[in-house]
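Colleague: next one to model:
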Amino acid sequence: MQKILIVSPKAISLQNFDGGQKRIFDIAKFLSKKNKIDFVCTSNNVLEKKGNLSFFNKIVAFQISFISRIFNIIICILKLQPMQTGFFFSKKMCDFI
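Modeller: Okay, the predicted model is just below:
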């Protein structure tokens, strides 16, 4: 049994499934049959491990404030990197991974 880490910019919300969330959910559910799945995301919503998400071994959400997102976007512009990289960047998340 192997451990797998899934990193996502959004939390999985069971009320409002969009295409990306459903894809992550289905892949994780399939992989959890023979592996331990940990889920890490950047989200401002509080996640709870209940019901349909019980196949995840660990769920961790890192909150990024609006000011730090703007600051990271400015840094990415100065470094000539894509702005989306700065929007989802979290130092705490990098240290955790």
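
Colleague: now do the same contact list for the residue most central in space within the chain.
Modeller: Centrality entry for the chain: nearest residue to the mean C-alpha point is Cys41, 1.8 Å, by C-alpha atoms, centre = their mean. For Cys41, the set of contacting residues under the criterion of C-beta atoms under 8 Å, 6 or more residues apart in numbering consists of 7-12, 47, 60-62. C-beta coordinates here come from the backbone N, C-alpha and C atoms, glycine included.

Colleague: wait, is Lys58 part of a helix?
Modeller: No: following the definition DSSP: H, G, I helix; E, B strand; the rest coil, Lys58 is strand and is not counted among the residues of a helix.

Colleague: gap between it and Ile6?
Modeller: Distance from Lys58 to Ile6, counting by C-beta to C-beta, to the nearest Å: 11 Å.

Colleague: so which residues of this structure form helices?
Modeller: With DSSP state H as the definition, the chain shows helices at residue ranges 19-31, 66-78, 83-87, 91-96.

Colleague: right, I'll leave it there.
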